[in-house]
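> Structure, please.
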Amino acid sequence: MLKQPRQRAADTVARPEKASARVVAVDFLQAVLHAGRRLDHLNDNRSFLALQPRDRRLAFELVHGVLRHKLRLDFYITSLAERPIERLDSVVATILRVALYQLEYLRIAERAAVHEAVDLCGPFAKKSASGFVNAVLRSFLRQKPELPAGGGAGALAVRHSHPRWLVERYVARYGEQATESLLERNNASPPPVVRVNTFKNDLGQFLGRLQADSIEHRVLDELPDSVLVLAPTFSQHPIYDEGLCYFMDAASQEIAGLGDVQGANLIGDFCAAPGGKTFILASRAPSAARVLCCDVNLRRLREMRDRASLYAVPRLHFVHADATQPLPFSSGFDFILADVPCTGLGTLRSNPDVKWKISEDQLERYQAREIAILIQSFAALRSGGRLVYSTCSTEPEENEQVVEAFLQSEPNACLLGPFFRSYPMDHLGECFFAARIGHI
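Predicted coordinates:
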């Protein structure tokens with residue numbers, strides 16, 4: 001049995017002025033797993049931004065990779081340490097996750113990965129655990145624990161590192177084969193899709209700039225004004241800084257294309273931030289149409305306004321309001337998008353931390369808020385108007401059940417066509433759901 005040092009009452013993380021990529025990764029993972037930090041805050045982390053570009057890419061890979069494969073890595077640790085991972089010091093457990101991720105998924109020399117992991121114990125005041133870390137990793141290299149086999153939910157959950165409750169739901173709806181494909185898709189890195197900002201340039205001009213700067217890319221014929229940009233640091237490139245494009249998931253773009261806004265005079269996006277869908281709606285709307293952008297989060301709404309200024313998006317009006325409550329507008333909207341706040345269980349490629357933060361018992365709470373937003377949004381439609389309700393969730397409680405409950409309670413509403421889903425089938429984008437609703 002491997003001997004593990006006693007856990008301290010509180011883990012104090014040291015933060016050297018010139019932290020390495022691995023120190024930054026362990027530190028940030030601790031904040032995500034134990035302090036509620038969101039993964040998308042990594043790009044604002046001072047220690048992360050202080051790294052050189054190459055080290056920043058490594059830290060990014062380590063953080064996202066550990067969160068994608070956490071359950072599988074924890075299975076290895078539990079097997080090798082011969083005790084539940086919850087009984088290990090949390091920092092030591094995270095150091096082991098980072099090291100095992102490198103050994104399992106990255107092309108890093110085995111000796112270097114073990115040596116770096118042992119050295120990581122120092123900056124985090126865990127030197128007493130260095131022997132334990134070394135023993136666990138060398139045991140892994142001698143004989144890697146065998147993963148559970150078969151197509152049952154428990155085995156699939158460990159192999160593909162998803163919460164078992166979510167895998168059980170997938171298997172019940174889609175069967176084992178389709179579920180495994182969906183789990184594999186969820187664990188892949190999201191494709192780097194950018195949307196051309198047509199308020200500043202068109203597709204041809206944008207492609208010309210990419211070609212002039214020898215940036216590898218591929219035009220997506222199936223998605224208007226969208227390009228795969230295969231440059232790892234493109235978000236720091238002048239083309240991006242000038243606001244000529246923005247990263248946006250393919251399925252999210254398709255949601256914005258579901259609404260008929262060609263003849264609309266007044267358009268509403270009632271959960272608008274961060275704004276990508278709004279900008280697409282504005283680009284498709286008549287030149288005289290007004291677009292009202294509403295969000296409950298004032299900070300995010302202000303950030304959206306700044307983005308709209310960078311992208312030169314015209315005719316946007318910003319209102320800080322809670323769409324679960326009666327909205328401060330008359331019922332005169334021709335089209336409304338209600339892209340509601342949800343669990344985000346459909347965005348696991350981009351946000352793997354969601355897997356470990358959302359529990360099954362939260363679905364009912366999200367559903368109540370989503371129904372409230374749909375009710376208030378529909379109340380702002382004119383007779384004959386159209387609404388798109390959408391989520392980035394895979395779960396029926398947030399999707400079909402919300403729409404069905406609303407339709408049963410609203411006699412003036414009707415469903416327009418089939419539901420839109422970008423799952424469980426193979427799709428370039430994340431897992432989105434949408435329903436088109438008309439006001440009779």
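
> For burial, what's the neighbour tally of Pro328?
Neighbour count for Pro328, taken as other C-beta atoms under 10 Å: 10. (C-beta placed from N, C-alpha, C; glycine too.)

> Please report how far it lies from Ala379.
12 Å (C-beta to C-beta, to the nearest Å).

> Now for the closest residue to Pro148 other than its chain neighbours: which residues touch it?
Once flanking residues are discounted, Pro148 sits nearest to Ala155: 3.9 Å by C-beta to C-beta, 6 or more residues apart in numbering. Residues in contact with Ala155 (C-beta atoms under 8 Å, 6 or more residues apart in numbering) are Leu147, Pro148, Ala149.

> could you redo the last one with a cut-off of 10 Å?
Leu147, Pro148, Ala149, Arg164, Val167, Glu176 (C-beta atoms under 10 Å, 6 or more residues apart in numbering).

> per-residue confidence at it?
On the pLDDT scale, Ala155 is placed at 98.

> so how far is the helix or strand where it lies from its chain's centroid?
Applying DSSP states H and E as the criterion places Ala155 in helix 153-160. The chain centroid and the centroid of helix 153-160 are separated by 21 Å under C-alpha atoms, centre = their mean, to the nearest Å.

> What are the buried residues along it?
Ala153, Ala155, Leu156, Ala157, Val158, Arg159, His160 (16 or more other C-beta atoms under 10 Å).

> Past that helix, which element shows up next along the chain?
helix 164-186.

> Whatever helix or strand comes next after that following helix packs against which elements?
Using DSSP H and E, the helix or strand that follows helix 164-186 in sequence is strand 193-196. Using 3 or more C-beta pairs under 10 Å, 6 or more residues apart in numbering; DSSP states H and E, the elements in contact with strand 193-196 are helix 203-212, strand 226-229, strand 245-247, helix 250-256, helix 276-284.

> Sheet partners, orientation included, of the third one?
Pairing partners of strand 245-247, with direction, according to DSSP bridges: strand 193-196 (antiparallel).

> Over to the second one?
When sheet partners are counted by DSSP bridges, strand 226-229 sits next to strand 193-196 (antiparallel), strand 217-219 (antiparallel).

> Could you check how far the last one is from the centre of its chain?
Mean-position distance between strand 217-219 and its chain equals 23 Å (C-alpha atoms, centre = their mean).

> The longest one now?
Taking the mean C-alpha point of strand 193-196 and that of its whole chain, the gap between them comes to 17 Å (C-alpha atoms, centre = their mean).

> Now do the strands in this structure.
Along the chain, the segments classed as strands by DSSP state E run 193-196, 217-219, 226-229, 245-247, 266-269, 290-295, 316-320, 333-339, 381-391, 413-415, 420-421, 433-439.

> Which one, of those strands, ends up nearest to His41?
Between His41 and these, the tightest spacing by C-beta to C-beta is seen for strand 245-247, at 16.9 Å.

> can you list the domains in this protein?
The record's domain split for the chain, according to automatic domain parsing, is 21-142, 153-186, 193-247, 259-439.

> now the buried residues of helix 153-160 in CSV, with distance to Gln52?
Below are those laid out as CSV (distance: C-beta to C-beta, whole Å):
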residue, distance to Gln52
Ala153, 43
Ala155, 41
Leu156, 39
Ala157, 37
Val158, 36
Arg159, 35
His160, 33
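
> I'd say Leu310 and Tyr246 touch.
Yes - Leu310 lies in contact with Tyr246 (C-beta atoms under 10 Å); the separation is 9.1 Å.

> out of the two, which sits in the more crowded spot?
Tyr246 (18 against 13).

> contacting residues around the more buried one?
Tyr246 touches 194-197, 235, 240, 274-276, 279, 307, 310-311, counting by C-beta under 10 Å, 6+ apart.

> coming back round to it: quick one: the residue nearest to Pro148 from Arg169, how far?
Using C-beta to C-beta, Ala155 is found at 16 Å from Arg169.

> Same check on Val402?
16 Å.

> ok, back up a step: show the buried residues in the contacts of Tyr246.
For these, a burial check counting by 16+ other C-beta under 10 Å picks out Val194, Arg195, Val196, Asn197, Tyr240, Pro274, Gly275, Gly276, Phe279, Arg307, Tyr311.

> and which of those is nearest His41?
Using C-beta to C-beta, the buried ones among the contacts of Tyr246 come closest to His41 at Pro274, 14.1 Å.

> Look up how far Phe335 lies from the residue found closest to the closest one once you drop the neighbours it is linked to in the chain.
Leaving aside its chain neighbours, Pro274 sits nearest to Met304 (5.7 Å; criterion: C-beta to C-beta, 6+ apart). Per C-beta to C-beta, Met304 is found 19 Å from Phe335.
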